[in-house]
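Chemist: what's the 3D shape of this:
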Amino acid sequence: MPRAQRNKAWVVTVNMGYGHQRATAPLASLSPTLKAITANDYEGIPEADKLIWDQSESFYYFISRLKDKNALGRFIFSIFDKYQNISEFHSANKEVAPTLQLRKLYSQLKRGWGKHLIEKLAKRPLPLVTSFFSIAYMAEYFNYPCQIYLIVTDSDISRAWAPLQPSRTKIKYLAPTDRAVERLKTYGIKSENIIYTGFPLPPGLVGKKSLIAKRNLKARMARLDPENSYSSLYSSLMTSYLGKSSNIGARKREPVSLAFVVGGAGAQVDIGLQILRSLAGLIRKNKIHLYLVSGISEKANQDFLKEITRLRLGKFLGKSIFSLFRYNKEEYFSEFDKLLGKLDILWTKPSELSFYGALGLPIIIAPPVGSQEVQNRKWLLGIGVGTDQLSPSYTQEWLPKMIKDGHLAGAAMQGFIEMERGGTENIIKIIER
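Modeler: You can find the predicted model right below:
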């Protein structure tokens, strides 16, 4: 993003998992500081405010990890998840009544939670863009003097995303899907306050008129469909989206690149270990490149490296097996974006990474964690971009078959065609207006 974009808006996020920061990262250069402000960890944050945020973050990670523990953990998680339940959608169903979670949030606002941050930003009035609803509510509650924009980070959302009195809010919602748009209406948000933008993806992966995404998809299709069987069936469609050179005939067989991504709370490491054990033979033969993405979870990274050593795959590190770990999120996001440009298959729980299918990445869906991810999974399956994982312990059997029959090549094209890639550009245009 050009440096000239600076001084357009305050970009505010929260350090809780990856989703909220991944949504604001492409917009950070709009800010006077060229960085997003982290609402739960900014310079000068009052101790009372930080305590509330820290308690929320600790609870978030504790609950997220519980589901992987045992039957009792899954039971406790299910009780918590009822508070963020997303009901079956019907446009006639109006759900204006606030939840217990929302009432508690506003009781904290009444005691001054977030007032310091909003007053600090108001000293230099600029539009405020945030990816977390609590921050938008703070801004509105404490009379922030400029427009407030809230980026929705899931394909469908719970009642917590609408304030106590939805019909009176002036918050502008930036929605990533048609379903999120319609859901907000059922919560009482006025249509003029909802804008369909798509999810903000890194500009370095999209490029002007999706040129970078098109280039990456062409290379990806050559690896996912080496015999050109799928591409020949859809040659006119591919030519329409990728240009005349998309149907490139005989293709050199190159190893397919697969990334398994651990969640923000370090969840689902065991799935990655099962994938690693199953694909060990193909890794040794350089028939697949496996990326184990630990994010900023040092424990997950150590677990992966220990298993690589146990399987005697150490000499293949950096060749046909890779480990992506960084100590901070800024470095992790940067390295992960570089990986996505050359990746063929993304294996992840249906988090905010669901929206990266728009780049032409087929998604293998790990079990969802929480109601919002359940909805993201339904969305991915509905548009043909995602496919549920089969047994990770038998990946070496079913994954090559999915590649050979064109299933993943088709999913790649579906994501590129059906999903909105211009979220970042759309949001910037809205703010500039």
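Chemist: can you list the weak-confidence ranges in the chain?
Modeler: For the chain, the stretches flagged by pLDDT under 70 are 1-5, 57-85, 87-92, 229-252.
Chemist: Helices of the stretch 51-200 of the chain, start to end?
Modeler: 71-81, 100-110, 115-122, 133-141, 178-186 (DSSP state H, counting those that start in this stretch).
Chemist: longest strand of this structure?
Modeler: strand 288-295 (DSSP state E).
Chemist: follow-up on the earlier one: deepest-packed of the helices of the stretch 51-200 of the chain, please.
Modeler: Mean neighbours per residue, mean count of other C-beta atoms under 10 Å, is largest over these for helix 133-141, with a mean of 23. The C-beta positions use only the backbone N, C-alpha and C, and glycine is treated the same way.
Chemist: Just the C-alpha atoms of it, please, in PDB.
Modeler: This file holds the C-alpha atoms of helix 133-141, laid out as PDB (Å, rounded to 0.1, in the frame of the first residue of the first chain):
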ATOM      1  CA  PHE A 133     -17.000  -5.200  18.100                       C
ATOM      2  CA  SER A 134     -16.100  -4.200  21.700                       C
ATOM      3  CA  ILE A 135     -13.900  -1.400  20.300                       C
ATOM      4  CA  ALA A 136     -16.600  -0.100  18.100                       C
ATOM      5  CA  TYR A 137     -19.000   0.000  21.000                       C
ATOM      6  CA  MET A 138     -16.400   1.800  23.100                       C
ATOM      7  CA  ALA A 139     -16.100   4.500  20.400                       C
ATOM      8  CA  GLU A 140     -19.800   5.000  20.100                       C
ATOM      9  CA  TYR A 141     -20.500   4.900  23.800                       C
END
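Chemist: Surely residue 173 and residue 153 touch.
Modeler: No - assessed by C-beta atoms under 8 Å, residue 173 is found out of contact with residue 153, at 11.4 Å.
Chemist: who touches stretch 326-346?
Modeler: 15, 18, 21-22, 25, 202, 204-205, 212, 216, 219-220, 223-224, 256-259, 261, 291, 293, 295-296, 298, 324-325, 353, 356-357, 359, 361-364, 408 (C-beta atoms under 8 Å, 6 or more residues apart in numbering).
Chemist: Pull out the buried residues from it.
Modeler: 326, 329, 332-333, 336-337, 339-341, 343-346 (16 or more other C-beta atoms under 10 Å).
Chemist: Now for those residues: which two are most distant?
Modeler: Using C-beta to C-beta, those reach their maximum pairwise distance at 329 and 344, which is 24.7 Å.
Chemist: Which residue is the nearest non-sequential neighbour of the spatially most central residue of the chain?
Modeler: The centroid of the chain falls nearest to residue 352 when counting by C-alpha atoms, centre = their mean (1.9 Å). The shortest distance from residue 352 to any non-neighbouring residue, by C-beta to C-beta, 6 or more residues apart in numbering, is to residue 19 (3.9 Å).
Chemist: And for that neighbour, the neighbour number?
Modeler: 20 (other C-beta atoms under 10 Å).
Chemist: wait, residue 316 sits on residue 287?
Modeler: No - counting by C-beta under 8 Å, residue 287 is not a contact partner of residue 316; they are 11.7 Å apart.
Chemist: okay, these two: which has more neighbours?
Modeler: residue 316 (18 against 15).
Chemist: which residues touch that one?
Modeler: Here residue 316 is in contact with 283-284 (criterion: C-beta under 8 Å, 6+ apart).
Chemist: Any figure for the gap between it and residue 285?
Modeler: 10 Å (C-beta to C-beta, to the nearest Å).
Chemist: now do residue 152
Modeler: In terms of C-beta to C-beta, residue 152 sits 44 Å off from residue 285.
Chemist: These two: who's more crowded?
Modeler: residue 152 (24 against 10).
Chemist: give the contact list for that one.
Modeler: Contact partners of residue 152, counting by C-beta under 8 Å, 6+ apart, are 161, 173-176, 180, 184.
Chemist: how about a cut-off of 10 Å?
Modeler: Residues counted as contacts of residue 152 (C-beta atoms under 10 Å, 6 or more residues apart in numbering) are 23, 131, 133, 161, 173-177, 180-181, 183-184, 194, 196-197, 199.
Chemist: Would you mind listing which of those residues are buried?
Modeler: So, by 16+ other C-beta under 10 Å, the buried ones in the contacts of residue 152 are 23, 131, 133, 161, 173-177, 180-181, 183-184, 194, 196-197, 199.
Chemist: So which of those residues are in strands?
Modeler: Counting by DSSP E, the part of those found in strands is 173-175, 194, 196.
Chemist: ok, and the closest non-adjacent residue to residue 37?
Modeler: residue 12 (4.8 Å).
Chemist: On the three-state scheme, that neighbour is what?
Modeler: strand (DSSP: H, G, I helix; E, B strand; the rest coil).
Chemist: burial of it, as a residue count?
Modeler: Using other C-beta under 10 Å, residue 12 is surrounded by 26 other residues.
Chemist: What separation is there between it and residue 118?
Modeler: 10 Å.
Chemist: Over to residue 253?
Modeler: Counting by C-beta to C-beta - residue 253 and residue 118 are separated by 57 Å.
Chemist: before we move on, what about residue 189?
Modeler: For residue 189, the distance to residue 118 - C-beta to C-beta - is 21 Å.
Chemist: what does residue 312 give?
Modeler: 56 Å.
Chemist: what's the answer for residue 22, then?
Modeler: 24 Å.
Chemist: And the strands in this structure?
Modeler: Using DSSP E, strands in the chain cover 10-13, 37-38, 128-130, 148-151, 172-175, 194-196, 256-261, 288-295, 321-325, 345-348, 363-365, 386-388.
Chemist: Turn these into JSON lines, columns for distance to residue 414.
Modeler: As requested, these are exported to JSON lines (distance: least, C-beta to C-beta, whole Å):
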{"stretch": "strand 10-13", "distance to residue 414": "30"}
{"stretch": "strand 37-38", "distance to residue 414": "35"}
{"stretch": "strand 128-130", "distance to residue 414": "30"}
{"stretch": "strand 148-151", "distance to residue 414": "24"}
{"stretch": "strand 172-175", "distance to residue 414": "21"}
{"stretch": "strand 194-196", "distance to residue 414": "19"}
{"stretch": "strand 256-261", "distance to residue 414": "18"}
{"stretch": "strand 288-295", "distance to residue 414": "22"}
{"stretch": "strand 321-325", "distance to residue 414": "26"}
{"stretch": "strand 345-348", "distance to residue 414": "14"}
{"stretch": "strand 363-365", "distance to residue 414": "10"}
{"stretch": "strand 386-388", "distance to residue 414": "9"}
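Chemist: Please identify the most buried of the ones you listed.
Modeler: Most buried among the strands of the chain, given mean count of other C-beta under 10 Å as the contact rule, is strand 128-130, at a mean of 29.
Chemist: what helices or strands is it leaning on?
Modeler: strand 10-13, helix 19-24, helix 115-122, helix 133-141, strand 148-151, strand 172-175, helix 423-432 (3 or more C-beta pairs under 10 Å, 6 or more residues apart in numbering; DSSP states H and E).
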